[in-house]
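Undergrad: Kindly return the folded structure for what I paste below:
(2 chains)
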Amino acid sequence: MTRKRRRLWVLVACGLGFGSATALTLSAFTSDIVFFMLPGDVLTKHPAPGRAFRLGGMVAEGTLKQTMVDGAPGAVFGVTDGHGHVVPAEYQGVLPDLFREGQGVVAMGAMTPDGDFRATEVLAKHSADYMPPEVEAALKKNHMWNPATGAPPPAAAWNGTGAKLAGG
Amino acid sequence: MDATSPALPSVAPKRGRNLHRFANPGRFLRLSGRVLPWLAICGAVFTLAGLAWGLFVAPPDWQQGDAVRIMYVHVPAAWLASMGYAALAVCAVISIVWRHPLADLAALEIGPVGAAFTALCLATGSLWGKPMWGAWWVWDARLTSVLVLFFLYLGQIALIRAFDNPERGYRAAAILALVGAVNLPIIKFSVDWWNTLHQPDTIHLFGRTTMSASMLDPLLVSALGFTLVFAALVLARLRSAVMERRIRSLLSARARQAEVSA
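TA: Residues are numbered from 1 along each chain as shown, chains lettered A, B, ... in the order given. The predicted model follows:
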C-alpha cells in the first residue's frame, strides 16, 4: 500500500512539474506559435517591408475589388480585425472558393514600402458555423443575419424553425 | 477456451481489490467474450447508419457545399484519436502505480488502433483543406499538434515492442504515454489559445453550438459508431494478446517438462 501510494505521489509530482514546464514554455513562445498576425498587430508593430509573415482577419466589407495587379488579374481587398484596424492588401492570382467579404482570410506575404500588404498566397479561413443553404437563405430573408457583418445567430435560435423560416 | 483452469498463476492479490479481479486472464476472456459481439455489431450498425445519414441524407452546407460531408468521418476520427491517447495515459497510470498486467497489454493494443484513427483524421482533414482553405497542409497549432500526436503514437508502438524483456518495454512506453498526454490539452485548446487556420470548436457541451441539428444528429451517431468500433477493435486485439500469452506460457511449460524428463 505505501509503495503504491508513493508511486502515485511521484507520478502526480512529475505530472505537475512537467505540465507547468510545458505551460510556461508555450506561453513564452505564444507569439511564435500563432499562425498569423492580426491587422491591429501589423499597424502597431510595423513589420519591415519585405519581411514575410502571415496576415489574418476578415475581408472588410465593401473593399474587395477584382482588378489588375502588376498587369495580371488579381484582387485588392482590406483585411480587418473587426476593431477598426484595416490593412490594405493586394493579391495576384485566383482566390479560393470561400473567399468573400465578411469571410475569414489568412494571407502569406510582406508589406510593401508604401504600406500595403502584398500577398503571395491566400487561404480562406472557414468559420465554425454549419447550416443548410435553405436556413441561410431564410435567415437572410428574415433579416436575422447578414453574413458580411458577423457570425449567424446560434443554432438553438433557429433549429427546428428552419422549415418554417424557409416557408415564410 | 476453457476459462475455469487458469494456466497462468493467478495474479489476483489476497486483498481482492476491484481492479485486480480482471487481472485473472480466464475471467477477462469470459467477460470480454460476452461483450465483444455486441460491441462489434452495435459499432458497425451505428457507424454505417451515421455515415449513410451524413453522406446521403444530411443537407449540404451553405458555404462548403457537399465538402462538409467529410466532417462525418473527420470529426469522429479526431475525437477518437485524442480519446485513444487518453486511454493510453490511463493505462500508463494503472501500470506504473498498480502494476496491473492487463493495463500493459491494453497499452500494447490501443497504440496501433489509435494511430490508425489519427492517420484517418489527418488524411480526411487534408482532403477537406485543399478545396476549402486552398492548402493540403499548413503548420498551424491545431494541425501541428495532431501531427505530434500521430508521432507520439508511432513512438509508443515502437518503444513498447523494442525490448527483449517486455516488462521494460511496458515501463518505457507508459512513461512516454504520460509525457505525451501533455499534448492532449494543447490539441483541444490550440484553436482558442492561438489564432489558427483551423476553425474553432463548433460543438460545445456547455454553450452555443453553431451547427444545424440536421447535421449534428448524423455526426453524433457516427461518433458513437466510431467509438464502439474503436472499443471493439481494442477488445478483440486484447483478447488475442491474452490468449497468445497463455498459449506461449503453456508451450514453454511443456518444453521445460520435456527437458526435465529427457
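
Undergrad: Please make it C-alpha for all contacts and neighbour counts, starting now.
TA: Will do.

Undergrad: now residue A:106, what's its secondary structure?
TA: strand (DSSP: H, G, I helix; E, B strand; the rest coil).

Undergrad: same thing with the one 4 residues further on?
TA: Using three-state DSSP as the criterion, the local structure at residue A:110 reads strand.

Undergrad: and it, how many neighbours does it have?
TA: For residue A:110, the number of neighbouring residues by other CA atoms under 10 Å in any protein chain shown comes to 22.

Undergrad: So for it, what pLDDT did the model give?
TA: Looking at residue A:110, its pLDDT stands at 89.

Undergrad: first vs last residue of stretch A:42-61, how far apart are they?
TA: Chord length of stretch A:42-61, first to last residue, is 19 Å (CA to CA, to the nearest Å).

Undergrad: For the residue of chain B found nearest chain A, list the residues it contacts.
TA: Nearest residue of chain B to chain A (CA to the nearest CA) works out as residue B:62 at 4.1 Å. By CA atoms under 8 Å, 6 or more residues apart in numbering or on different chains, the contact list for residue B:62 reads A:130-134, A:136.

Undergrad: Nearest residue to the middle of chain B?
TA: residue B:84 (3.1 Å; CA atoms, centre = their mean).

Undergrad: Assess the claim that it and residue B:110 are in contact.
TA: Yes: counting by CA atoms under 8 Å, residue B:110 is a contact partner of residue B:84 at 6.9 Å.

Undergrad: before we move on, back to that, identify the spatial nearest neighbour of the residue nearest to the centre of chain B, chain neighbours not counted.
TA: residue B:114 (5.3 Å; CA to CA, 6 or more residues apart in numbering or on different chains).

Undergrad: Now for that neighbour: which residues touch it?
TA: B:80-81, B:84-85, B:153.

Undergrad: Could you list the contact residues of the stretch 51-200 of chain B toward chain A?
TA: By CA under 8 Å from any CA of the partner chain, the residues of the stretch 51-200 of chain B that approach chain A are B:59-64, B:93, B:96-98, B:131-135, B:139-141, B:179, B:182, B:194-200.

Undergrad: Give me the buried entries from these.
TA: B:59-64, B:93, B:96-98, B:131-135, B:140-141, B:179, B:182, B:194-200 (16 or more other CA atoms under 10 Å in any protein chain shown).

Undergrad: can you tell me which of the residues you listed are in helices?
TA: Judged by DSSP state H, the subset of those located in helices is B:93, B:96-98, B:131-132, B:141, B:179.

Undergrad: Quick check, residue B:241 in contact with residue B:102.
TA: No: judged on CA under 8 Å, residue B:241 makes no contact with residue B:102 at a distance of 10.0 Å.

Undergrad: These two: which has the busier surroundings?
TA: Comparing residue B:241 with residue B:102 by other CA under 10 Å, the one with more neighbours is residue B:102, at 22 against 17.

Undergrad: Checking my notes, the more buried one in a helix, right?
TA: Yes: under three-state DSSP, residue B:102 falls within a helix.

Undergrad: and chain A, which residues reach chain B?
TA: Taking CA under 8 Å from any CA as the measure of proximity, chain A contacts chain B at A:4-5, A:7-8, A:11, A:15, A:18-19, A:22, A:30, A:33-36, A:96-98, A:106, A:122-134, A:136, A:153-156, A:159-160.

Undergrad: Now the buried members of these.
TA: Buried residues within those, defined by neighbour count using 16+ other CA under 10 Å: A:7-8, A:11, A:15, A:19, A:33-36, A:96, A:98, A:106, A:122-127, A:129-134, A:136, A:155.

Undergrad: show me where pLDDT drops low in the stretch 101-250 of chain B?
TA: B:207 (pLDDT under 70).

Undergrad: Report the residue spans of chain A with pLDDT below the cut-off.
TA: Under the criterion pLDDT under 70, the flagged ranges of chain A are A:1, A:146-168.

Undergrad: Smallest gap between it and chain B, at which residue?
TA: Closest point on chain A to chain B, by CA to the nearest CA, is residue A:133, at 4.1 Å.

Undergrad: quick one: that residue and residue B:61 touch, right?
TA: Yes: between residue A:133 and residue B:61 there is a contact under CA under 8 Å: 6.0 Å.
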